[in-house]
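Asker: let me see the structure of the following:
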Amino acid sequence: MAMTLKHVFFILALTCLIMTNIANATSRNDNLNNNIKPGNNLAARLEDSRSLTECWNALMELKLCSNEIIIFFLNGQADIGPDCCRTIDIITRNCWPTMLTSLGFTAEERNLLRGYCDASSAPSPGGPEVTYEPQTDNI
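Answerer: Numbers count the residues shown, from 1 in each chain. Have a look, this model is predicted:
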């Protein structure tokens with residue numbers, strides 16, 4: 001009978017330990033789930049990666065626009081196409097506002113590009129074509 005009592009006591013103690021561990025594990029999981037930051041969920045990360053992909057694509061498209069942009073500043077010809085303007089808009093407004101500065105453009109040149117693209121995307125009243133004179137620095 002003493003052996004049976006020892007077995008019952010052992011099984012009871014083991015059951016209590018298992019139940020305590022299960023309760024602790026459940027509590028820890030609840031705490032972990034409650035402490036997850038909103039930005040760490042999968043949907044938010046996928047959405048961010050889509051916008052990041054759009055930014056990288058726009059940066060690659062900017063490379064294709066480089067001739068139009070250089071002619072714009074050298075000759076003052078305002079013939080930057082709508083695709084280039086869309087690319088400039090995406091980069092300067094949605095992605096990296098200072099990216100053009102990082103690529104060697106001054107803040108003033110960046111603002112000129114944005115201003116031109118904003119004006120060219122607005123409905124035209126049918127007036128004459130706008131040309132910009134390139135600015136030269138007196139050194």
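Asker: wait, Cys117 sits on Gly81?
Answerer: No: at 10.0 Å, Cys117 does not count as touching Gly81 under the criterion of C-beta atoms under 8 Å. In this view, the C-beta of every residue, glycine as well, is placed from N, C-alpha and C.
Asker: neighbour-wise, which of those two wins?
Answerer: Cys117 (20 against 12; other C-beta atoms under 10 Å).
Asker: distance of the more buried one from Ile22?
Answerer: According to C-beta to C-beta, to the nearest Å, Cys117 and Ile22 sit 62 Å apart.
Asker: which other helices and strands contact the helix or strand that contains Leu113?
Answerer: Using DSSP states H and E, Leu113 sits in helix 107-121. On a contact count with 3 or more C-beta pairs under 8 Å, 6 or more residues apart in numbering; DSSP states H and E, helix 107-121 meets helix 66-75, helix 82-89, helix 99-102.
Asker: and the angle for it with helix 66-75?
Answerer: The directions of helix 107-121 and helix 66-75 differ by 110 degrees, with axes from the mean of the first three to the mean of the last three C-alpha atoms, to 10 degrees as the criterion.
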